[in-house]
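K.L.:
need coordinates for the following:
(one chain, ligands or ions: 1)
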Amino acid sequence: MKKLFAAFALALFSLGLCAQDMEWFDDAKLGIFIHWGIYAVDGVSESWSFHNEKVPYDKYMAQAKGFTASKYNPEKWAELIASSGAKYTVLTSKHHDGVALWNTAVGELSIPALTPAGRDVLTPFVEAVRGKGLKLGLYYSLLDWSRDDYPNFTVNNTRYKIDEDPARWQRFVDFNFAQIRELSEAYNPDLYWFDGDWEQTAQAWNSPGIISLIRSYNPAVVVNSRIQGYGDYATPEIGVPIARPDARYWELCYTINDSWGFQHKDTNFKTPYMVLRTFIDCLSNGGNLLLDIGPREDGTIPSEEVKVLKELGRWTSKHAEAVYGTRAGVSPECFKGGYTTLSKDGTVLYLYVPGKPSGPIEVKGIVNAVKKARVVGKGTELKHEVYNKLSWQETPGLIEIYLPGSCLDPAFTVVALELDGPVKTFLK
Ligand code: JFZ
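P.N.:
A predicted model of the protein is given here:
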């Protein structure tokens, strides 16, 4: 009984801790993901190209000779990231290929050791990011297909099995812990974005040990969920979620074209409008967007990606009130004309109106009275009326809001409905 109580108290305590630690993340909404590594030289898929035997391992690793970072300007990167309205950024400190961006003391494979760039490219990034007041996230691949003590190598070539040689596996775990310790000690990130967990169990990785290691440096560190069940938030896989994810905290990681890293042949870029729409979709379901860019080997960022970040910046700075700190909106049934979110206290309903509506915009199923309707970023007060409210019926009326053409944003106009209290919906 005592034990049970202790477990219960611990659970409550850690939940409480969690909710508080997650607030900056929950409020931040937009992050920029960066995949930068030797794979940008030939423009092949990051690590997977050799793992799947599309490129021989030696040829893949020879890309290191072409990684120059000759135009790398981390201040400019940080400036671009901040100008998009992102509040955090996550850089691949080491992908599955095992090539570290920093000067690791425990491994042979790193940008400073292998490439003409010849220097640590992580430290100046961290400094620039902190200089801009952005939160720092580090991506770290738990699996390392290059490491001799790691069991898996390519799809058709496995080095050994863990249970056949536990001492060899332990050497790998020690190596992983040593690299993670280096990262925490040197950079103390606000967020860890682990990856590659699927190849081993939580027990094999020692996931709880990794969590306590990084929390010993930063008790508030936020951890994504790709560490076999030990993280703080969910990362929906493959695509934009159709239904609202169950998780309280989630983040969609998303490419602008079809690749994480730079690939010369991939010109399938989404337009700024498409990315903005997906961002608003995430907001409406209470999640974050972690939007990926893939710089070239020289450190320049493709102009199509810059364009997307700039347009996000135009829109987020105008509509900051309807981005940061918002919470998931009401049922999509209430507003068929677009997406919705709510203010943290639930008393402001934000409507994201795409393009140019052909009549008044309509909201239904809202029990509250609307005290005021206004255009976010402009302040213009809007005429609104309730239709069809029958005194003998429980069903709320239709709220009609008149949005003049002069108030429209070229992409999404945001209307704020100030309610008489926290939103109450009626969905029958
Ligand atoms: C992983 C990496 O393998 C990939 O190279 C990239 O870095 C990406 C951000 O993360 O890719 C994944 C991992 C898990 C899933 C999909 C892509 N998943 O579980 O569907």
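K.L.:
for the one residue sitting closest to the centre of the chain, list each beta-bridge partner.
P.N.:
What sits nearest the mean C-alpha location of the chain, by C-alpha atoms, centre = their mean, is residue 290, with 2.6 Å. Counting by DSSP bridges, residue 290 forms beta bridges with residue 31, residue 253.
K.L.:
looking at it, it is touching residue 87, isn't it?
P.N.:
No - under the criterion of C-beta atoms under 8 Å, residue 290 makes no contact with residue 87, lying 11.2 Å away. All C-beta spots, glycine's among them, are computed from the backbone N, C-alpha and C.
K.L.:
mutual contacts of these two, please.
P.N.:
residue 31 (C-beta atoms under 8 Å, 6 or more residues apart in numbering).
K.L.:
strands of the stretch 1-150 of the chain, residue ranges please.
P.N.:
30-34, 88-94, 135-141 (DSSP state E, counting those that start in this stretch).
K.L.:
just those: most buried one?
P.N.:
Across these, averaging neighbours per residue (mean count of other C-beta atoms under 10 Å) puts strand 88-94 on top, at a mean of 26.
K.L.:
what mean pLDDT does it get?
P.N.:
Strand 88-94 comes out with an average pLDDT of 98.
K.L.:
briefly note if that strand comes near the ligand.
P.N.:
No - against the ligand, strand 88-94 shows no contacts by C-beta under 6 Å from any ligand atom, the least distance being 6.8 Å.
K.L.:
summarise which helices and strands that strand is packed against.
P.N.:
Helices and strands touching strand 88-94, by 3 or more C-beta pairs under 8 Å, 6 or more residues apart in numbering; DSSP states H and E, are strand 30-34, helix 122-131, strand 135-141, strand 191-195.
K.L.:
got a list of what the closest residue to the ligand within the stretch 251-400 of the chain touches?
P.N.:
Nearest residue of the stretch 251-400 of the chain to the ligand: residue 260, at 4.6 Å (C-beta to the nearest ligand atom). Contact analysis of residue 260 by C-beta under 8 Å, 6+ apart lists 33, 35, 45-46, 292, 294.
K.L.:
contacts for stretch 198-215, please.
P.N.:
Contacts for stretch 198-215 (C-beta under 8 Å, 6+ apart): 142-143, 151-152, 162, 169, 173, 176-177, 180-181, 184, 192, 194, 197, 221, 223, 226-230.
K.L.:
among those, which lie within helices?
P.N.:
Using DSSP state H, 169, 173, 176-177, 180-181, 184 are the members of the contacts of stretch 198-215 that sit in helices.
K.L.:
lowest-scoring secondary structure element of this structure by mean pLDDT?
P.N.:
helix 2-21 (a mean of 43; mean pLDDT, DSSP states H and E).
K.L.:
which parts of the stretch 251-400 of the chain sit against the ligand?
P.N.:
253, 260.
K.L.:
could I get the full set of helices for this protein?
P.N.:
In the chain, the segments counted as helices under DSSP H are 2-21, 23-28, 39-42, 48-51, 57-62, 74-83, 111-114, 122-131, 166-187, 202-205, 207-217, 272-284, 303-318.
K.L.:
deepest-packed of those, please.
P.N.:
helix 39-42 (a mean of 23).
K.L.:
does it reach the ligand?
P.N.:
No - Helix 39-42 lies out of reach of the ligand by C-beta under 6 Å from any ligand atom, never closer than 9.3 Å.
K.L.:
tell me the mean pLDDT over that helix?
P.N.:
99.
K.L.:
residues contacting that helix, please?
P.N.:
Contacts of helix 39-42 (C-beta under 8 Å, 6+ apart): 45-47, 49, 55, 60, 63-64, 66-67, 95, 97, 261-262, 294-297.
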